[in-house]
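Asker: heads up, no residue letters with this:
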């Protein structure tokens, strides 16, 4: 594993640790409810969660095969999310909780997700809104530790990347 991959893996671990704080627990519970509602009715056979394997965001998915992927355990698949170990068009659902915010190359990660998702498959992305209170708090002295050190991506930029 190279130095950049090691750093991203460390950030993912510290973000998971932050999610155990009271504010992090609140956010995790809200996001869990969102993911539970969203993935419950998506049809398919193979689902993948990229990042935050400590949080079971695919728990309510009815798909037969569900995996989490990250650099470190407790992920089901230990691999680099910039080079997914799946064939083209092989996954029906990919969830990316905060994955794009804590990587050095979000474009490459998104291209990899696009490569492996089926033509009628879905990619569900969550992230911090830079114009929210979380985004504002980031700019006032909290930028050195997760989640405040993430690269918060605006909705219009993400939509541009997805086109």
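Answerer: Received the coordinates, thanks. Everything quoted here is computed from the prediction, not taken from an experiment.

Asker: Just the buried residues of the host helix or strand of residue 67, please?
Answerer: Element membership of residue 67 [criterion: DSSP states H and E] is strand 65-70. For strand 65-70, the buried set under the neighbour-count rule, 16 or more other C-beta atoms under 10 Å, comprises 66, 67, 68, 69, 70. C-beta coordinates here come from the backbone N, C-alpha and C atoms, glycine included.

Asker: Tell me how far that strand lies from the chain's centre.
Answerer: Here strand 65-70 is found 12 Å from its chain centre; the criterion is C-alpha atoms, centre = their mean, to the nearest Å.

Asker: ok, now stretch 152-163?
Answerer: On the basis of C-alpha atoms, centre = their mean, the separation between the geometric centre of stretch 152-163 and that of its chain is 15 Å.

Asker: cool, stretch 60-79 as well?
Answerer: Relative to the chain's own centre, stretch 60-79 is displaced by 12 Å; criterion: C-alpha atoms, centre = their mean.

Asker: tell me the average confidence for the following helix or strand past the strand holding residue 67?
Answerer: Scanning the chain past strand 65-70 towards its C-terminal end, the next helix or strand to appear is strand 77-78 (assignment: DSSP H and E). Taken as a whole, strand 77-78 has an average pLDDT of 96.

Asker: quick one: contacts of strand 77-78?
Answerer: The set of residues external to strand 77-78 that reach it, using C-beta atoms under 8 Å, 6 or more residues apart in numbering, is 67, 68, 69, 70, 71, 72, 85.

Asker: Starting from it, tell me which strands it pairs with and how they run.
Answerer: strand 65-70 (parallel) (DSSP bridges).

Asker: follow-up on the earlier one: what lies in contact with the strand holding residue 67?
Answerer: Contact with strand 65-70 is made by 9, 12, 45-53, 56, 58, 74-79, 81, 84, as judged by C-beta under 8 Å, 6+ apart.
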